[in-house]
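Trainee: mind folding the following:
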Amino acid sequence: MGHDILGFNKAGEEIAYARFSMGNPNSTILYNLLNALDYYAGVSGSGDSINISTQQIEEALEAFKQICNYNDNSSKSEFENWDAKQISNFLLNCLETARKEENVRVYFG
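Mentor: All right, here's what the predicted structure looks like:
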């Protein structure tokens, strides 16, 4: 069990991926940033997907930078740095696709 969160372009190709173990509380950061807590099912995602707009991804990325002080990793553990990096990469990959296609489809598994 765990949280597999995937981003897809309009062609159905995977463009972003983030994985959290079922006990990792950092998974809720990504759910919150995407305004997708309804798809959080405890030990995994709900198995549903949603379309997320370019603006929503931009707002999520900005909120992530502010919340996590992403530019100052000196006080974070290696584990927290890993999760911060995967969240950042997920959002950046989704943003790149959303800018081309107006939105991305995100699956919460």
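Trainee: just the pLDDT for the closest residue to S46 other than its chain neighbours.
Mentor: Nearest residue to S46, sequence neighbours excluded (Cβ to Cβ, 6 or more residues apart in numbering): Y39, at 4.6 Å. For the C-beta atoms, the positions are set from N, CA and C on the backbone; glycine is no exception. With respect to pLDDT, Y39 scores 97.
Trainee: give me the number of residues near Y39?
Mentor: 21 (other Cβ atoms under 10 Å).
Trainee: residues touching it, list them.
Mentor: By Cβ atoms under 8 Å, 6 or more residues apart in numbering, Y39 lies in contact with 31, 45-46, 48, 50, 108.
Trainee: now the residues you listed as a markdown table including pLDDT and neighbour count?
Mentor: Shown next, in a markdown table, are the contacts of Y39 (pLDDT from 0 to 100; neighbours: other Cβ atoms under 10 Å):
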| residue | pLDDT | neighbour count |
| --- | --- | --- |
| Y31 | 97 | 18 |
| G45 | 96 | 23 |
| S46 | 97 | 14 |
| D48 | 98 | 13 |
| I50 | 98 | 16 |
| F108 | 98 | 23 |
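Trainee: among those, name the ones in strands.
Mentor: 50, 108 (DSSP state E).
Trainee: how near is the residue nearest to K10 when sequence neighbours are not counted to L92?
Mentor: Spatially, and ignoring its direct neighbours in sequence, K10 is nearest to E101 (5.1 Å; Cβ to Cβ, 6+ apart). Noted for E101: a distance of 15 Å to L92, by Cβ to Cβ, to the nearest Å.
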